[in-house]
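Asker: Quick one: sequence plus predicted model below, questions after.
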Amino acid sequence: MRTIAERAPNRTIVLTGDIHSNWVNELHVSDTPTDGPGVAAEFVTTSISSGGDGSDSWSGVNERTLPENPHVRWHSNRRGYITCDVAADSWISDFREVPYVSRPGAPVTSASKWRVAWGEAGIDRA
């Protein structure tokens, strides 16, 4: 993270997936988010169908983990996928989710949309 902060701050994106939940995280040089603005963005996407239907929250994560981790900007335990619109000056991640996978016909909705502007610190809702 220190190398990213020195050579490519606020223009580095990390895509991660298949941990059965969705996350938007600001990545910092240290483990302490109070060290200043994030230097990179991480978008974590769930799997589309494994692990059952999912839920609005993940027991223990929303209540205990999120308040202790201010670098986590958003979390969801629903199933779905992510689309990314990449342009020269920005990156937009759209988290697409379904309310269930246990039967056919689930509607797909945009659960959360995030924007990273090239060279600007932070992640903003799009």
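Answerer: Arrived safely, thanks for sending. Residues are numbered from 1 along each chain as shown.
Asker: which residues touch the residue nearest to residue 88 when sequence neighbours are not counted?
Answerer: Excluding the flanking residues, the one nearest residue 88 by C-beta to C-beta, 6 or more residues apart in numbering is residue 118, at 7.2 Å. Every C-beta, even on glycine, is put in place using the N, C-alpha and C of the backbone. Residue 118 sits next to 10, 11, 88, 89, 90, 91 when contact means C-beta atoms under 8 Å, 6 or more residues apart in numbering.
Asker: And the fifth one, how close does it get to residue 49?
Answerer: Same thing as residue 90. According to C-beta to C-beta, to the nearest Å, residue 90 stands 30 Å off from residue 49.
Asker: so what secondary structure elements neighbour the worst-scoring helix or strand of the chain on mean pLDDT?
Answerer: Across the helices and strands of the chain, mean pLDDT, DSSP states H and E gives its lowest value to strand 54-55, namely a mean of 84. Under the contact definition 3 or more C-beta pairs under 8 Å, 6 or more residues apart in numbering; DSSP states H and E, strand 54-55 sits against strand 72-86.
Asker: now do the same end-to-end measure for stretch 94-109.
Answerer: 10 Å (C-alpha to C-alpha, to the nearest Å).
Asker: How far off centre is that stretch?
Answerer: In this view, stretch 94-109 has its centroid 18 Å away from the chain centroid, taken as C-alpha atoms, centre = their mean, to the nearest Å.
Asker: cool, stretch 113-126 as well?
Answerer: With C-alpha atoms, centre = their mean, you get 11 Å for stretch 113-126.
Asker: now the helices for this structure?
Answerer: Applying DSSP state H to the chain gives helices spanning 2-7.
Asker: what sits against the residue most central in space within the chain?
Answerer: What sits nearest the mean C-alpha location of the chain, by C-alpha atoms, centre = their mean, is residue 24, with 2.2 Å. Residue 24 is in contact with 41-44, 72-75, 93, 95, 112, 114, 123, counting by C-beta under 8 Å, 6+ apart.
Asker: swap in residue 16?
Answerer: 23, 42, 43, 44, 45.
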